[in-house]
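**Q** okay, here's the prediction I keep looking at, along with the sequence it came from:
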Amino acid sequence: MGLFSFGRKKSEDNKSAGCCCSCNCSTKEQNTADTQCCGEEIIGICCVKVLGAGCKSCHELYENTKSAVEKLGLDIRVEYITDMEVIMQYGVMSMPAIVVNDKVASMGKVLKASEVEKLLGKYLTEEK
């Protein structure tokens with residue numbers, strides 16, 4: 001009785017795949033995420049997340065964001081989230097998107113690394 005998923009156990013439906021684009025890419029993608037911020041601020045920024053469906057544009061924004069964080073000298077891990085349920089919790093309707101400190105900072109366009117640097121610069125505070 002496997003037609004239309006009748007008789008299938010719930011545990012079979014909840015299996016998670018590795019890479020959502022089936023290309024076995026080496027980037028650390030996170031299919032599920034907690035939408036709560038970690039709270040450990042580093043000069044004003046505690047977490048940076050890229051939300052996307054796993055397409056080429058989303059990967060490009062993810063790489064540009066990692067590059068910008070590295071250029072700014074921040075010791076923050078950029079998360080890449082592809083789980084649509086989590087993305088919908090942020091209220092993002094067009095992807096890719098960047099979330100900084102649990103607030104949507106940009107959505108619907110692929111920013112260059114320099115543009116991401118400017119965007120993150122708005123969140124930076126001076127060290128005390």
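**A** That came in fine, so what should we check first?
**Q** may I have the beta-bridge partners of residue 51?
**A** Beta-bridge partners recorded for residue 51 (DSSP bridges): residue 81, residue 97.
**Q** tell me how many other residues crowd it.
**A** Neighbours of residue 51 under the rule other Cβ atoms under 10 Å: 27. Quick note: C-beta positions are derived from backbone N, CA and C, even for glycine.
**Q** before we move on, what about residue 114?
**A** Residue 114, neighbours per other Cβ under 10 Å, totals 12.
**Q** could you give me the average pLDDT of whichever strand or helix holds it?
**A** Per DSSP states H and E, residue 114 falls inside helix 113-121. In this model, helix 113-121 carries a mean pLDDT of 93.
**Q** cool, and stretch 68-75?
**A** 91.
**Q** can you tell me what sits against that stretch?
**A** Residues from elsewhere that reach stretch 68-75 (Cβ atoms under 8 Å, 6 or more residues apart in numbering): 42-43, 45, 48, 76, 78, 113-114, 116-117, 120-121, 124.
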